[in-house]
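Colleague: structure for the following, please:
(4 chains)
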2 protein chains.
Amino acid sequence: MADIFKALADPTRREILLMVAEKPTNINTLVDHFEMSRPAISKHVKLLEASALLNIQTGATDTRQRICHIQLEALKEVEDYMEQLERFWKKRMDRLGEFLDNQSD
Amino acid sequence: MADIFKALADPTRREILLMVAEKPTNINTLVDHFEMSRPAISKHVKLLEASALLNIQTGATDTRQRICHIQLEALKEVEDYMEQLERFWKKRMDRLGEFLDNQSD
DNA sequence: AATATAAGTAACTAAAAGGTTACACAAATA
DNA sequence: TATTTGTGTAACCTTTTAGTTACTTATATT
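Modeller: Sure thing, here's the model as predicted:
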């Protein structure tokens, strides 16, 4: 599984995710939206898929189309990391609180 | 201001942030914690500082020391992005709900 | 005053990231 | 059936990233 933080590090990939969150989108629609070649978009999509931020389904009417769907669950790893940072920070504030309480004895 | 998503993309930098969140930490303590040279750590810290994820204060007793303090506020940009993704996604779900309601007329 | 310590900078290297053009191929359409 | 369309892959190039060693500087410490 590819590193989700690395996946989010690129602005093009972040914008792809925004598009796909609004509406499932096929590859050519993405290509049209960016000033970038198809292989470039193709790679970005592949990486997003590898980090589980999106999955790809085959078009119902036109089976050539590959339609990207967002998978928000993958963001959990990022949320967990940020919560951990905050938890550590709060624990520190608690210790500081205890320290200050003891000072007032 | 450096890209915060890029700053978080590197595992060493993420771990530095965790350490610093628990406790303000000077450079050498960071260097000791990783199997990596000082210049490498120095660069990571610099980048974290440039993206406002931490700030550096001079040691009170030993003024040579540069002590890293976390700045959680910088995470807002990441939180905003994730909220936007979820907002887009929910709006879509709402539209789907309306569609299904109309079907049952 | 001499030495040890905390940290930064310069110059370099290897690998990863992000892009390109050219080509291939299967499915839809005329 | 011939052609167009949607997509993927290969090979390549350039820039960025992440690390190194060697050196410098300033402040503490003995």
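Colleague: how close does the residue lying closest to A:Asn26 once chain neighbours are set aside sit to DNA strand D?
Modeller: In this structure, A:Asn26 finds its nearest non-sequential neighbour in A:Gln65, 4.5 Å apart by CB to CB, 6 or more residues apart in numbering or on different chains. All C-beta atoms are positioned from the backbone trio N, CA, C, and that covers glycine. From A:Gln65 over to DNA strand D the distance is 4 Å, taken as CB to the nearest atom of the strand, to the nearest Å.
Colleague: contact partners for A:Gln65?
Modeller: A:Asn26, A:Ile27, A:Asn28, A:Thr58, A:Gly59 (CB atoms under 8 Å, 6 or more residues apart in numbering or on different chains).
Colleague: buried ones among the residues you listed?
Modeller: A:Asn26, A:Ile27 (16 or more other CB atoms under 10 Å in any protein chain shown).
Colleague: show me what from chain A comes close to chain B.
Modeller: A:3, A:5-6, A:8-11, A:14, A:17-18, A:21-23, A:70, A:72, A:75, A:78-79, A:81-82, A:84-86, A:88-89, A:91-92 (CB under 8 Å from any CB of the partner chain).
Colleague: does stretch A:12-22 reach DNA strand D?
Modeller: No - Stretch A:12-22 lies apart from DNA strand D when judged by CB under 7 Å from any atom of the strand; the minimum separation is 12.3 Å.
Colleague: between helix B:76-103 and the longest helix seen in chain A, find me the angle.
Modeller: Longest helix in chain A by number of residues, with DSSP state H as the criterion: helix A:76-103. With axes from the mean of the first three to the mean of the last three CA atoms, to 10 degrees applied, the angle from helix A:76-103 to helix B:76-103 works out at 130 degrees.
Colleague: now do helix A:76-103: distance to the chain's middle.
Modeller: 25 Å (CA atoms, centre = their mean, to the nearest Å).
Colleague: buried residues in it, which are they?
Modeller: So helix A:76-103, judged by 16+ other CB under 10 Å, has buried residues A:Val78, A:Tyr81, A:Met82, A:Leu85, A:Phe88, A:Trp89.
Colleague: and the strands in chain A?
Modeller: Taking DSSP state E as the criterion, chain A carries its strands at A:25-26, A:54-58, A:66-70.
Colleague: low-scoring stretches of chain A, by residue?
Modeller: Scanning chain A for pLDDT under 70 picks out the ranges A:105.
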